[in-house]
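>>> Need a 3D model of the sequence below.
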Amino acid sequence: MENLELGCADLGKQIADKADEKLLTDALAVLEEQGAYAFFLFLKARGKDAGGEVSDACRAFLKRTPQAKPLLGDGQKDVFATLQTLAGDLDGLLLARDLLRQALVYGRYHAKAGTTSGARG
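Take a look at the predicted model:
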């Protein structure tokens, strides 16, 4: 059985390498208030730099997690179309939101502590 908590911690460290604490805090607020679709839209609006890198890392994580039945499929290139498909599975959508939330919390801790290899901020 895979450990989702460790997966979130690893993703948190990865995204802390790509973004500063403020971006991660803002993204977490959007995720908690408006959900996963708004979260990815917020990151897209932030541009290709940090927002795009964080979005790509989060999307890749959801494409391989959990191992038995990944939350996001490989079929569609557009994350928004993929999220619309995921929205049909409420349990999967809530799991994705919870995993992203935990990863962002860990990312904020890494960014604040400066424990990443290329931390900004």
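
>>> switch to C-alpha atoms for all contacts and neighbour counts from now on
Noted.

>>> Mind listing what's buried along the longest helix seen in the chain?
Secondary structure of the chain per DSSP state H: the longest helix is helix 90-113. Within helix 90-113, the residues that count as buried by 16 or more other Cα atoms under 10 Å are 92-93, 96-112.

>>> Can you tell me how far the residue nearest the centre of the chain is from L93?
In the chain, the centroid-proximal residue (Cα atoms, centre = their mean) is C58; its distance is 3.3 Å. When Cα to Cα, to the nearest Å is the yardstick, C58 and L93 sit 14 Å from each other.

>>> got it, and G51?
Distance of G51 to L93, computed by Cα to Cα: 21 Å.

>>> Could you grab the helix/strand/coil label for L43?
Of the three states, L43 takes helix under DSSP: H, G, I helix; E, B strand; the rest coil.

>>> Skipping adjacent residues, who's closest to V30 in space?
On the basis of Cα to Cα, 6 or more residues apart in numbering, the spatially nearest residue to V30 that is not a chain neighbour turns out to be F39, at 5.6 Å.

>>> So what's the predicted local confidence for that neighbour?
The score at F39 is 96. That number is its pLDDT.

>>> Show me how far the worst-scoring helix or strand of the chain on mean pLDDT is from its chain's centre.
The weakest-scoring helix or strand in the chain, judged by mean pLDDT, DSSP states H and E, is helix 79-86 (a mean of 85). In terms of Cα atoms, centre = their mean, to the nearest Å, the centre of helix 79-86 is found 14 Å from the chain centre.

>>> Stretch 67-74 too?
Using Cα atoms, centre = their mean, the mean C-alpha position of stretch 67-74 is found 15 Å from that of the whole chain.

>>> Which positions within that stretch qualify as buried?
Along stretch 67-74, these residues count as buried under the neighbour rule (16+ other Cα under 10 Å): L71, L72, G73.

>>> mind putting those residues in CSV, secondary structure, pLDDT and distance to L28 included?
As requested, the buried residues of stretch 67-74 are exported to CSV (DSSP: H, G, I helix; E, B strand; the rest coil; pLDDT from 0 to 100; distance: Cα to Cα, whole Å):
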residue, secondary structure, pLDDT, distance to L28
L71, coil, 92, 19
L72, coil, 89, 20
G73, coil, 79, 23
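
>>> Perfect, I'm done here.
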